[in-house]
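Chemist: Give me coordinates for this.
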Amino acid sequence: MATLLVLPAELTHAQAAACCRMLAQALRSDPGKQAVADASALSHFDSSALAVLLDCRREALALGKTF
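Modeler: Coordinates of the predicted model:
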């Protein structure tokens, strides 16, 4: 089963660090070998959202998961 990483409705520079920590914790706590990002709620964002996704990808790959 995949780890589902749900992005918040708002993801700008102000929320990016906390969001990265939350998503990294979810990745580490789930033994699944696949991570899936769900950005369906995302409605207000800046380029930090892309940085968060790239960070999640790096974390997932470091844990041996596909992203």
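Chemist: for the longest helix seen in the chain, which positions count as buried?
Modeler: For the chain, the helix with the greatest residue count under DSSP state H is helix 13-29. Buried positions in helix 13-29, judged by neighbour count with 16 or more other C-beta atoms under 10 Å: 15-16, 19-20, 22-24, 26-27. Where you see a C-beta, it was placed from the backbone N, CA and C, and this is true even at glycine.
Chemist: what's stretch 50-66 in contact with?
Modeler: Contacting residues not belonging to stretch 50-66 are listed as 3, 5, 7, 11, 16, 19-20, 23-24, 27-28, 32-35, 37, 39, 67 [C-beta atoms under 8 Å, 6 or more residues apart in numbering].
Chemist: before we move on, what about stretch 4-12?
Modeler: If you take C-beta under 8 Å, 6+ apart as the criterion, stretch 4-12 is touched by 15, 19, 23, 26-27, 35-39, 41-46, 48-49, 52, 56.
Chemist: Now the buried members of these.
Modeler: 15, 19, 23, 26-27, 35, 37, 45, 48-49, 52, 56.
Chemist: returning to that earlier point: and the next helix or strand past the longest helix of the chain?
Modeler: Using DSSP states H and E, the helix or strand that directly follows helix 13-29 along the chain is strand 34-38.
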